[in-house]
Every structure is written in C-alpha cells, then in structure tokens.
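J.: sequence unknown, structure follows:
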C-alpha cells in the first residue's frame, strides 16, 4: 500500500488541517492586552477581533458544505486554506486596527471550509462500523486544538510579541495546505446544479425538539467561550497575571475540557451513562451557584475563578455529547444542516457573550460571570424540559446508547 492510499496518513493529515483551522479562532486571544495597548482601542473593539472572526466564520460555514458538493471538497478546502494563509499575513503586517480586523474576518472565512468539510472527507476513508470511533477521536482532537491554542498564544506572545501568533499561523497554514494537497486525493463528488438557498434550513425550525437541542448546545458552548474570549483581558489586563501564569491557567482548562471530551465515552462505559449524566448536571448546577456568588461578592482571585470554570469545562461534556447525537438524528436526511446550525449557533452565542461582556466590562469578572451564569442556566432549563418532553432524550440518559464526541 502506498503512502498516498494509507488511511492512517490521510486521517493524520485531516487532523493536522483541523488543528490549524481550529487554533486560528483563539490563538491570538492572550495577546489582546498588547494589541489593545499598541492600537489604543477599547475592550469592546479588542473583542471585535474575535467576535468578527466568529461571525464571518458562521456565515461562511452555512455555505461551505454546498460549495464542497458543487465544486469538490478538496478544491474548496485548498482555496480556503489559501485565503487563511494570505489573511494571516495581512494580520502579521497590520499597521492599524482596521487592517487587523479585516485580516481576522478573512481568517474566519478561510477556515470555514476545512472545519465543515473535514468530517465529511474523513468518513469517506472508513467503513460504517469504524466511522463512529474515528469521529470520536477527530472531535476530541478538534476540541483540544481550540482549548490548547490560547496556551500556545500565551507563550508565543510572552517570548516574542502579538504578531508572532499570526506568523505562526502562516507557517502552520502553509504546511497544512502542502500536506492536504499531497495526501488527500481529489474527490469526484461534485454537482454543478447545487444551490445555496438558506430556505433549505427551514425544515429544522419546524421541529421544536431539534431547535431546543441546538439552543441548549449553543448556550453551553457560548458560556464557555465567553470566558475564553475575555480571559486575557480579565486576568492579564485587570488582575495583573503574567502571560506565563495565564498560559498555565489556560492549560488547566485545556486538560479539563479537552481530555474529558476525548475520554467521556470510556468514563460512561465504566460508571454508566445515567451516573455520568447526573454528575455532569450536578457540576453545572454547582457552577451556576458559584458563579452567582462570585458576581454578587465581586470575587477577583484568578485561582478561584479558574477552579469554577473547570467545573463548567468538565460538567458540560456528557450532556453536550448526548444532545449532539440526538440533534443529528432528530430529522431524517438533515444531519448536515443540523450540524451546520449547531456550528453557527455556538459561535453566535459566543459572539454575543464576548461582545456584551466587553461592552459592560468594569475591570473585573462580573460582566463575564453574569453572562455565563445566564447562558448556563438557560441551557440547564432546556435540558430539564427535554428530559420531561422528549422520550429519546430520557432513553438516552437511562439506557446505553452510542455516543459521539462533540466539538
């Protein structure tokens, strides 16, 4: 078997492409205080560098699947990576805030193709019975990439400066494009008659259960990424935490969220799905209570805040996994559209949380904590509604049902 036809090489190639694409989202977040100081901008403007990136990533993600089917997945991913590399160069050479903002917008558009189409490409390499295990590894790795990126960005900024994050993305993006082009064969599944109408998503909004799944998933993830987006401004800018220490805090969150995502299936096999679910719900409730107390008493100690965020990081994994599987199976023949809306929804709630928290930012954790509290409480309410009204969700909690990892 040649190297080109080796499925493991193809799998590792896709993993690397997704790692680079996912890391793009928040690798520069730890350098926000430096960027804010250099360009003399407000916290709200600074957070727009993340919010605008995610917003245009959401928009592009809605069309990436159709583009792949119409023109070929490999071709679309190649073009997307090319846009990503050029936009990263624009960010690196930015001489003002608005050129950096435009670069971040183009970065979000560029990586949308690889994020959306990579899972579809991977499934083509494996037989049906192996696909679930492969997707679990794939999604767990993608989760780790997003969580690990701020830690990478912290040390890159510490030893160099904020521009080095974008130079690193240029180098990684170029390598990703090279290996993807070399090891992933061209696909013949293209259809010139495919359209791009948003009305194709209307069927999803006719299902109340599907909408509840998507909303709860989006709220859970939005709460987490609201903190990720604001963390450097709070810890470094207001609490005076060094970039080195901030990198350690981010590393702890990486271990908590990423590793729990990867091993959640094994954990449920060992202690049972019902027990895992109840522990997770308990941790989420504990987070809501602790977060409320932190907001009321204006807690400003990074160790305590990090500990509470770790509760959230661990607690959301099992409910997210369950809802993700059930959401994809809730409407026959619409799993791709549901997946696209989950991606769009989670980033839209993240944008809302980050931009709102930065707008009301008062150099403490309160605005961020309050938004996280509201979103997580909303997610919990929907979970309990689904337990009461959706037979499939109750069956999933009380009986053994196959589970995918979530990104």
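T.: Great, that's in hand. All figures in this text were calculated on a predicted structure; none of them were measured in a lab.
J.: what's the closest non-adjacent residue to residue 309?
T.: residue 227 (5.6 Å; CB to CB, 6 or more residues apart in numbering). For the C-beta atoms, the positions are set from N, CA and C on the backbone; glycine is no exception.
J.: check which helix or strand covers that neighbour.
T.: Per DSSP states H and E: residue 227 is located in helix 208-232.
J.: so after that helix, what's the next helix or strand?
T.: Next along from helix 208-232, by DSSP H and E: helix 243-254.
J.: now that following helix: buried residues?
T.: Across helix 243-254, burial judged by 16 or more other CB atoms under 10 Å covers 243, 246, 247, 249, 250, 251, 252, 253, 254.
J.: turn these into a markdown table, including pLDDT and distance to residue 297.
T.: As requested, the buried residues of helix 243-254 are arranged in a markdown table below (pLDDT from 0 to 100; distance: CB to CB, whole Å):
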| residue | pLDDT | distance to residue 297 |
| --- | --- | --- |
| 243 | 76 | 28 |
| 246 | 82 | 23 |
| 247 | 76 | 28 |
| 249 | 84 | 21 |
| 250 | 76 | 25 |
| 251 | 75 | 27 |
| 252 | 81 | 23 |
| 253 | 79 | 23 |
| 254 | 72 | 28 |
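J.: ok, of those, which one's closest to residue 371?
T.: residue 253 (17.5 Å; CB to CB).
J.: isn't the closest one right up against residue 305?
T.: No. Between residue 253 and residue 305 there is no contact under CB atoms under 8 Å: 11.0 Å.
J.: hmm, back to that, roughly how far is the helix holding residue 227 from the heart of the chain?
T.: Offset of helix 208-232 from its chain centre (CA atoms, centre = their mean, to the nearest Å): 10 Å.
J.: check stretch 288-298 too.
T.: 25 Å.
J.: same check on stretch 233-253?
T.: So, by CA atoms, centre = their mean, the centroid of stretch 233-253 is 20 Å from its chain's centroid.
J.: who touches that stretch?
T.: 30, 32-33, 36, 43, 46-47, 147-148, 150-151, 154-155, 157-158, 228, 231-232, 300, 302, 305-306, 309-310, 313, 358, 361, 363-365, 368 (CB atoms under 8 Å, 6 or more residues apart in numbering).
J.: of those, keep whichever come out buried.
T.: Applying 16+ other CB under 10 Å to the contacts of stretch 233-253 flags 30, 32-33, 36, 43, 46-47, 147-148, 150-151, 154-155, 157-158, 228, 231-232, 302, 305-306, 309-310, 313, 358, 361, 364-365, 368 as buried.
J.: tell me the contacts of residue 90?
T.: Applying CB under 8 Å, 6+ apart, the residues contacting residue 90 are 99, 102, 103, 106.
J.: which strand or helix spans it?
T.: Here residue 90 is assigned to helix 73-92, by DSSP H and E.
J.: okay, buried residues for whichever helix or strand comes after that helix please.
T.: Using DSSP H and E, the helix or strand that follows helix 73-92 towards the C-terminus is helix 97-123. Neighbour-count burial for helix 97-123, counted by 16+ other CB under 10 Å, picks out 97, 100-101, 103-122.
J.: how about stretch 303-323?
T.: Buried-residue list, stretch 303-323, by 16+ other CB under 10 Å: 305-306, 308-323.
J.: next: stretch 204-216.
T.: Quick answer for stretch 204-216 (16+ other CB under 10 Å): 204, 207, 209, 210, 211, 212, 213, 214, 215, 216.
J.: list just the nearest of those residues to residue 66.
T.: Checking the buried residues of stretch 204-216 one by one against residue 66 (CB to CB), the nearest turns out to be residue 204, at 15.4 Å.
J.: hmm, that closest one is touching residue 327, no?
T.: No. Using CB under 8 Å, residue 204 is not in contact with residue 327, being 9.5 Å away.
J.: overlap of the contact sets of the two?
T.: Joint contacts of residue 204 and residue 327 (CB under 8 Å, 6+ apart) are 210, 214, 338.
J.: all helices of the stretch 301-407 of the chain, in order?
T.: Using DSSP state H, counting those that start in this stretch, the helices found in the stretch 301-407 of the chain span residues 302-315, 317-328, 335-359, 366-389, 391-398.
J.: out of those helices, deepest packed?
T.: Scoring these by mean neighbour count under mean count of other CB atoms under 10 Å gives helix 317-328 as the most buried, with a mean of 24.
J.: what angle sits between that one and helix 391-398?
T.: 150 degrees (axes from the mean of the first three to the mean of the last three CA atoms, to 10 degrees).
J.: quick one: list the elements packing against helix 317-328.
T.: With contacts taken as 3 or more CB pairs under 8 Å, 6 or more residues apart in numbering; DSSP states H and E, helix 317-328 sits against helix 208-232, helix 260-271, helix 273-297, helix 335-359, helix 366-389, helix 391-398.
J.: low-confidence ranges, this structure, go.
T.: 1-7, 123-124, 126-147, 188-198, 265, 333-336, 399-407 (pLDDT under 70).
J.: domain-wise, how is it divided?
T.: Domain segmentation of the chain under automatic domain parsing yields 7-184, 201-407.
J.: list the contacts for residue 56?
T.: So residue 56 contacts 105, 106, 108, 109 (CB under 8 Å, 6+ apart).
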